[in-house]
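# next comes the sequence, and after it the predicted model I'd like to discuss.
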Amino acid sequence: LHNVLQESEEAFCWHRDGRSWPHYDAPRRLFRPEANVPEFSAALCLRSSAAGRFVDSRKLRAALKPEDLKLLQQEELAFFDNQLGVRSERLRVAVESDDAVIFDLRDSSRFEPEGDEEVVAAYQRLCHQAALAAETFQLESGDMIVFNNKRCSHLWERPAEGAESPWVQVALGSRGAQDWPERFVK
């Protein structure tokens with residue numbers, strides 16, 4: 001059993017479970033190909049209480065200027081992780097999937113976007129919109145929340161100083177996994 005809130009600092013940054021955490025093939029590739037990102041992430045709080053925020057990609061798409069969305073869909077960015085000193089591969093942070101746009105958000109205090117100035121500026125505006133559109137959640141021991149990884153990003157809040165550390169377990173799943181070429185996807 002693993003407590004995701006003690007395994008990685010990434011849990012406290014915007015993420016979609018299974019996309020960049022755990023890292024896919026570090027240090028060459030930090031991001032898993034979108035086709036192999038699990039559709040759902042179920043988080044079960046086993047001890048204490050855990051809080052966090054999530055943001056729906058549909059709200060972000062509606063709030064973004066069309067020219068920003070176009071830039072983020074066409075141009076790639078890399079991210080430098082100031083904590084680990086690792087640079088990610090270049091990727092598009094806005095990708096069409098079915099009838100939605102999937103956004104990859106990174107915590108701006110830790111992950112520094114690198115690329116064309118216009119694209120970086122559009123990405124920073126996206127992050128600002130994410131902060132405005134984010135909704136909070138609170139789990140108590142025994143509560144579960146399920147995230148649609150193809151529609152939202154989430155982050156966990158750090159526990160208050162001196163508070164009991166929550167224990168949260170995460171399970172990942174996809175309806176289309178039977179169509180994946182491999183039985184086990186790393």
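Cool, got the structure.
# quick check: phi and psi on the residue of the chain most remote from its centre?
Residue farthest from the centre of the chain, counting by Cα atoms, centre = their mean, is Gly162 at 27.2 Å. Per-residue torsions, Gly162: phi 80, psi -10 (degrees, to the nearest 10).
# and it, what pLDDT?
Listed pLDDT for Gly162 reads 86.
# how near is it to Cys152?
To Cys152, Gly162 is 31 Å away according to Cβ to Cβ, to the nearest Å. Using the backbone N, CA and C atoms, a C-beta is placed for each residue, glycine as well.
# what residues are up against the spatially closest residue to Arg158 that is not a sequence neighbour?
Of all residues not flanking Arg158 in the chain, Phe12 sits nearest, at 5.7 Å (Cβ to Cβ, 6 or more residues apart in numbering). By Cβ atoms under 8 Å, 6 or more residues apart in numbering, the contact set of Phe12 is 5, 107, 155-158.
# where do the helices sit along this protein?
For the chain, applying DSSP state H gives helices covering 4-7, 57-63, 66-74, 117-133.
# counting by contacts, list what the last one packs against.
In terms of contacts (3 or more Cβ pairs under 8 Å, 6 or more residues apart in numbering; DSSP states H and E), helix 117-133 is packed against strand 49-56, helix 57-63, helix 66-74, strand 111-114.
# give me the contacts around that helix.
Taking Cβ under 8 Å, 6+ apart as the rule, helix 117-133 contacts 14, 55-56, 59-60, 63-65, 67-68, 71-72, 75-77, 93-94, 103, 105-106, 108, 113-114, 153.
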